[in-house]
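S.K.: Next come a sequence and a model predicted from it.
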Amino acid sequence: MTLPHADPAPLPTSFELASRMTRRFPNESPAYRDARLALLAEEIELRRHVERVAAQRRALPAGGEVPQDYVFMGPQGAVLMSELFGMHDTLIVYHWMFGPRSERPCPMCTSLLSALDGETPDLLQRTAFVVVARSPYARLANFAIERGWRNLPLLSTFGSTFNQDYVGEEPEGDDVAGLNVFRREGNLIRHFWGEEMGQETADKGQDARGAPDLMPLWTLLDKTPQGRGRDWHPSLSYDVAP
């Protein structure tokens with residue numbers, strides 16, 4: 001006899017979970033605690049929404065087959081896209097704005113990559129990961145030394161249509177940042193997901209960005225009284241220590 005499938009127990013409301021938090025801070029007022037509990041309930045809802053979006057992303061139908069086995073240039077010379085997966089079936093590619101016509105790389109990309117440099121050894125336990133840019137490989141490697149990066153796997157797409165195909169970059173146009181994920185199925189490589197949030201999808205008064213935000217910098221500043229602001233962005237160097 002097959003028992004009917006039982007519906008999962010409903011989740012407690014976010015306010016019910018928030019009310020379980022007994023932590024208090026010195027000298028806080030009742031008004032602060034009430035507002036903080038309301039905020040905590042919203043933070044719980046945000047966490048749940050992030051989980052729902054991640055599940056929806058994982059459930060995407062099969063993406064398009066990669067049209068060619070792209071060739072990249074790395075420290076050992078030419079390498080095929082199919083070789084980048086290593087022991088994994090998933091490959092994350094970050095498109096770094098550092099083209100051959102750029103005197104210096106994008107500060108925003110560079111800030112993000114500086115954070116990811118430390119996370120790369122952990123990331124590589126679960127997935128393949130590379131950072132690509134259109135400049136010749138020597139320029140990428142030299143800047144990595146200048147920046148003190150030790151772990152980022154950098155590759156050049158110089159002479160390839162990869163950036164044009166997957167971030168919509170024009171051959172002689174401005175660089176475009178982006179994130180793409182690919183999936184290997186035997187000898188077949190498919191596109192799984194690509195970043196599609198940009199200027200066209202930005203809310204008024206906000207910088208164009210994806211969600212959740214990839215940059216730890218903004219995630220931390222969002223937790224401060226002044227927030228991330230609208231008139232400051234990271235630089236490649238600072239003359240005066242903060």
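M.R.: Noted; the coordinates are in hand. Numbers count the residues shown, from 1 in each chain.

S.K.: Can you pull the poorly scored residue ranges out of the protein?
M.R.: Low-confidence segments of the chain (pLDDT under 70): 1-7, 240-242.

S.K.: Spatially central residue for it, please.
M.R.: Geometric centre of the chain, nearest residue: L214, 3.9 Å, by Cα atoms, centre = their mean.

S.K.: what's it in contact with, if anything?
M.R.: Each residue near L214 by Cβ atoms under 8 Å, 6 or more residues apart in numbering is listed here: L112, L179. Quick note: C-beta positions are derived from backbone N, CA and C, even for glycine.

S.K.: try the one 4 residues further on
M.R.: By Cβ under 8 Å, 6+ apart, the contact set of W218 is R209, R228.

S.K.: mind running it again at 7 Å?
M.R.: R228 (Cβ atoms under 7 Å, 6 or more residues apart in numbering).

S.K.: can you check H191 too?
M.R.: H191 makes contact with G63, G64, V66, N180, F182 under the criterion Cβ under 7 Å, 6+ apart.

S.K.: ok, 10 Å please
M.R.: Counting by Cβ atoms under 10 Å, 6 or more residues apart in numbering, H191 touches A62, G63, G64, E65, V66, P67, D165, Y166, N180, V181, F182, R183.

S.K.: and the third one, how many residues sit next to it?
M.R.: In terms of burial, G64 registers 8 neighbours under the definition other Cβ atoms under 10 Å.

S.K.: just the first one next, same as before
M.R.: Using other Cβ under 10 Å as the criterion, A62 is surrounded by 11 other residues.

S.K.: What sits closest to it if chain neighbours are left out?
M.R.: R190 (5.7 Å; Cβ to Cβ, 6 or more residues apart in numbering).

S.K.: got the buried residues for stretch 37-45?
M.R.: By 16 or more other Cβ atoms under 10 Å, the buried positions in stretch 37-45 come out as L40, A41, I44.

S.K.: Which one of those is nearest to S235?
M.R.: Of all those, S235 sits closest to L40, with 34.7 Å by Cβ to Cβ.
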